[in-house]
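A.B. asks: Next comes the sequence, and after it the predicted model I'd like to discuss.
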Amino acid sequence: MLRNYIKIAWRNLWKNKRYSLINILGLALGIGISLIIALWINSEIKYDRFYSKTDRLYQVYTRDVFEGSPHTWGGTPNILGPILQQEHPEIEEVVRIWNIDHRLHHDAEPSLSASGIAADPAFLKLFDFKVVSGNTTTLSSPDAIVLTASMAKKLFGKIDIIGRRVDMDTTVSLTVEAVIEDIPRNSKFYGNDFICSLNYLTKTGKTFSDSWTAYNHETYALLTDGASLASINKNIENLVSKHTNGTAKATIYLYPAHRWHLYNKSVNGQMIAGNITTLQLFGLIGIFILLIACINFINLSTAGAERRAKEIGVRKVVGAPKKSLVQQFLLESFILTFLAGILALLIIFLALPFFNNLIHGNLSITDYPIFFWSIFLIIIFFCTLFAGLYPAFVLAAFDPIKTLKGNYLMLNSGLQPRKILVTLQFTISIGLGICTFIIGQQIRFGEDRNAGYDRKNLVYLPLEGNLSKNYEALRNELFQQGVASNVSKTWGRISRQGSNSWGYSWPNARPEDYDVVFNNMATDCDFTQTMGIKLLQGRDIDIYKHASDSNAILLNETAVARMRLTNPIGAQVTVAQGTEYQQVYTIVGIIEDFVWHSPYQNMEPMIVKGPSTWSDYIHIRLNSTKSLLTNIEAIQSLVKKYNPDYPIDVHFIDDDYALKFANQKRTAALTGLFSGLAIFIACLGLLGLVSFATIQKQKEIGIRKVLGASVSGIIAMLSRDFVKLVFIALLIASPITWWIMDQWLSDYVYRIHIQWWVFVLAGVFAIMIALLTVSTLAFRAAMLNPVKSLRDE
């Protein structure tokens, strides 16, 4: 019997190749897209869960209230780590981390740019990356360094390098004690090339502050077996206040490893948002697209019932029970779904490289084979069941007498559900399209915002190697050769947010002003002219003209307003008043606000200080009278001259600024891609309904043509109902999408306001696509010879 079922099913599929192809293609796209999204979501969920001690691994987070608003972040004081381990025996190990970037080289080999981690000795005990060579208990001395396998091969051409010396910049020489496998993508430490001792900094002549309000480190804790998280958090909550005699109000708590990646955004002081929101969004999109594909299956299967009505009638007359007919159609559903599954695997194979490029990932079926094949089989099973169950029962329920007489009243009862399903398809598709358009509008709105500085002809390069000691010579030659119109050595770069601080006081400051957070940069001179920022009052910082400018500061407009200063020039600002870290600054100038963090948020108070020992960038305003190529070649030549051991690393500020929109552009690209595919699959569903309608109205069309109806009139008649469905879908999708996007936009202070014409435009676009789809079959039906239409046999 099964063999007979398979034979009949295969013959039917082959006989109706067009229906079968559309069915398989639509379902394959739905299965393929949903599986790719499932792979992505699974890889994101697996972040930082592969360590052997993940269940006991925590990061110390800080929570404080600034100007009445609670904030939570992962920075902690340097001094906190040792105190935690000393005072709390239920904490087995504590590791502090400092993220660093250096040039690595050995002997006379060229140096390589590398990102790394400076950490306490127990780092590899907490984060047990696989050691491929050397000692597993590394970082035991300030001279220790651990390289990843890739970096070891780049430097030495091999991984068997234990005991070899590696030079960090031109100041520190370290000994390789181990080589580990490359840090995987699903680790928060991905992208780092080496790990060294936190004490290496002592060799550079720099030290970390022991201030309890300098939140410059990340601190991680490994709890003992059986330790109570709630009890520990209660015990350590007020540790900062305890050691500052109540002057610092910040509290701390332990945050579990399995939440680091997914819940990485603070909302009102609670880590309840972040990457999880994106995953939930695209998880729903994956489900919707699979649902659209299944709806297509139902529509196309029932739409083709006319062709098999008499077959069903004959089989029921000769005694076929309803059960056997249901089994027959479910088997056909399985065969279609199975073939769609095979095609979906091909789609995944071809689409994964493109998708990986969009998400900057490296997804692969082989990474999580058990998960992938389990989801694949589950989708095949449920698609067979749910997509095949409704058509199977509808077709098997045909009245044999009516079907053999040619009276297909049963089909009419199936029309309304199909209309509802197609409306649902287009509701989802139109909704995704509107979301894509609004996201694009918001991105363009942010890009068009005045940044507050001139990004054109502005470049920067990292202050590394010998550039620091040769800075004056480099600066002079840049001017002598006419390459630069202005040069500024800075702490932090103009296009990316860096440090911030609080604890300042000024004339007429109130007690609550202690919590005002100021963004921080530092400069030696020509900050405003180099960056193209408008100077509103006073003068710029210039250490060459004013030796006292080492204690000078510039304030932006927002800072002046927040400090309520009516005559700011010459006023003094004190930080850490009454402590050993107290420092007094004098305001010498007021600058216009500029975008430093997100172009979608309000301007924040900014302090630009005099020169800092932590200066790390050189900003150069290029001479606009010379060509860009001439200027860049001259800079490269000078950098090579004064820093020969380091690669030349010149960056354009406008390219850097564009990175602020990378996440939103990725979301827009993904929603645009998926909405396009959803519309395409929905149009396949329309083909099913059009096919059904043309079969149902075949005789009516023939009579109308005999009576003189035009081709355009018949096309309009067939299209009218489907345009109504799309219009109804637009009416349903518009308020739902407006609410969803309004919630999404609420995260942005600088945002667009959703306009009514967006929904009109989406509706027009959807109706045009629907008409184009419908007209393909409607035109063919209208052109059919009426003699063939009116003939019964």
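C.D. replies: That came through, no problem.

A.B. asks: Stretch 102-109: how far from the chain's middle?
C.D. replies: 34 Å (Cα atoms, centre = their mean, to the nearest Å).

A.B. asks: avg pLDDT for that stretch?
C.D. replies: When pLDDT is averaged over stretch 102-109, the result is 79.

A.B. asks: Buried by neighbour count: which residues of it qualify?
C.D. replies: Neighbour-count burial for stretch 102-109 flags H102, R103, L104, H105, H106 (criterion: 16 or more other Cβ atoms under 10 Å). Bear in mind the C-beta positions are built from the backbone N, C-alpha and C, glycine included.

A.B. asks: what's the closest non-adjacent residue to the third one?
C.D. replies: By that I understand L104. A114 (4.8 Å; Cβ to Cβ, 6 or more residues apart in numbering).

A.B. asks: What strand or helix carries the one you found?
C.D. replies: strand 112-119 (DSSP states H and E).

A.B. asks: can you list the residues that contact that strand?
C.D. replies: Residues from elsewhere that reach strand 112-119 (Cβ atoms under 8 Å, 6 or more residues apart in numbering): 95-105, 123, 139, 151, 154-155, 189, 191-198, 200-201, 647, 649.

A.B. asks: Of these, keep whichever come out buried.
C.D. replies: Among the contacts of strand 112-119, those classed as buried by 16+ other Cβ under 10 Å are 95-98, 100, 102-105, 123, 139, 151, 155, 189, 192-198, 200-201.

A.B. asks: and these, which of them are in strands?
C.D. replies: Among these, the members falling in strands (DSSP state E) are 95-98, 100, 102-105, 194-197.

A.B. asks: just to revisit the earlier point, same question for the strand holding A114, mean pLDDT?
C.D. replies: Mean pLDDT, computed over strand 112-119, is 90.

A.B. asks: Report the buried residues of that strand.
C.D. replies: Buried-residue list, strand 112-119, by 16+ other Cβ under 10 Å: L112, A114, G116, I117, A118, A119.

A.B. asks: Tell me how far stretch 453-473 lies from the chain's centre.
C.D. replies: Stretch 453-473 has its average C-alpha position 31 Å from the chain's average C-alpha position, going by Cα atoms, centre = their mean.

A.B. asks: ignore the last one, stretch 337-352
C.D. replies: Put simply, stretch 337-352 sits 25 Å off its chain's centre (Cα atoms, centre = their mean).

A.B. asks: on that earlier part again, for the buried residues of strand 112-119, which two are the farthest from each other?
C.D. replies: Pairwise distances across those (Cβ to Cβ) peak at 20.6 Å, for the pair L112 and A119.

A.B. asks: got the contact list for stretch 24-35?
C.D. replies: With contact meaning Cβ under 8 Å, 6+ apart, stretch 24-35 is reached by 286-287, 289-294, 296-297, 300, 336-337, 339-341, 343-345, 347-348, 351, 372, 375-376, 379-380, 383, 387, 674, 677, 680-681, 684-685.

A.B. asks: Which secondary structure element of the chain has the lowest mean pLDDT?
C.D. replies: Lowest by mean pLDDT, DSSP states H and E among the helices and strands of the chain is helix 786-790, with a mean of 59.

A.B. asks: For stretch 751-763, C-alpha coordinates in PDB please.
C.D. replies: Only the C-alpha atoms of stretch 751-763 are listed here, as PDB (Å, rounded to 0.1, in the frame of the first residue of the first chain):
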ATOM      1  CA  ARG A 751      14.800  60.400  16.000                       C
ATOM      2  CA  ILE A 752      12.400  60.800  13.100                       C
ATOM      3  CA  HIS A 753       8.600  61.000  13.500                       C
ATOM      4  CA  ILE A 754       6.800  58.300  11.600                       C
ATOM      5  CA  GLN A 755       4.800  60.000   8.700                       C
ATOM      6  CA  TRP A 756       1.500  58.800   7.300                       C
ATOM      7  CA  TRP A 757       2.900  58.700   3.700                       C
ATOM      8  CA  VAL A 758       5.200  55.900   4.600                       C
ATOM      9  CA  PHE A 759       2.200  53.600   4.900                       C
ATOM     10  CA  VAL A 760       0.600  54.900   1.700                       C
ATOM     11  CA  LEU A 761       3.900  54.300  -0.100                       C
ATOM     12  CA  ALA A 762       4.100  50.800   1.300                       C
ATOM     13  CA  GLY A 763       0.500  50.100   0.200                       C
END
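
A.B. asks: What lies in contact with that stretch?
C.D. replies: 430, 433-434, 437-438, 441-442, 445, 600, 726-727, 730, 733-734, 737-738, 741-742, 745.

A.B. asks: Can I have the buried ones of these as a PyMOL selection?
C.D. replies: Here is the PyMOL command that selects only those of the contacts of stretch 751-763 that count as buried (16+ other Cβ under 10 Å):
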select buried, resi 430+433+434+437+438+441+442+445+600+726+727+730+733+734+737+738+741+745
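
A.B. asks: List the contacts of the residue nearest to A451 when sequence neighbours are not counted.
C.D. replies: The shortest distance from A451 to any non-neighbouring residue, by Cβ to Cβ, 6+ apart, is to V595 (4.6 Å). Counting by Cβ under 8 Å, 6+ apart, V595 touches R449, A451, G452, M603.

A.B. asks: give me the element the third one is part of.
C.D. replies: When elements are assigned from DSSP H and E, G452 belongs to no helix and no strand.

A.B. asks: just to confirm, which helix or strand has the residue nearest to it when sequence neighbours are not counted in it?
C.D. replies: Of all residues beyond its chain neighbours, the one nearest G452 is F594 (2.8 Å), with distances taken as Cβ to Cβ, 6+ apart. Per DSSP H and E: F594 is located in neither a helix nor a strand.
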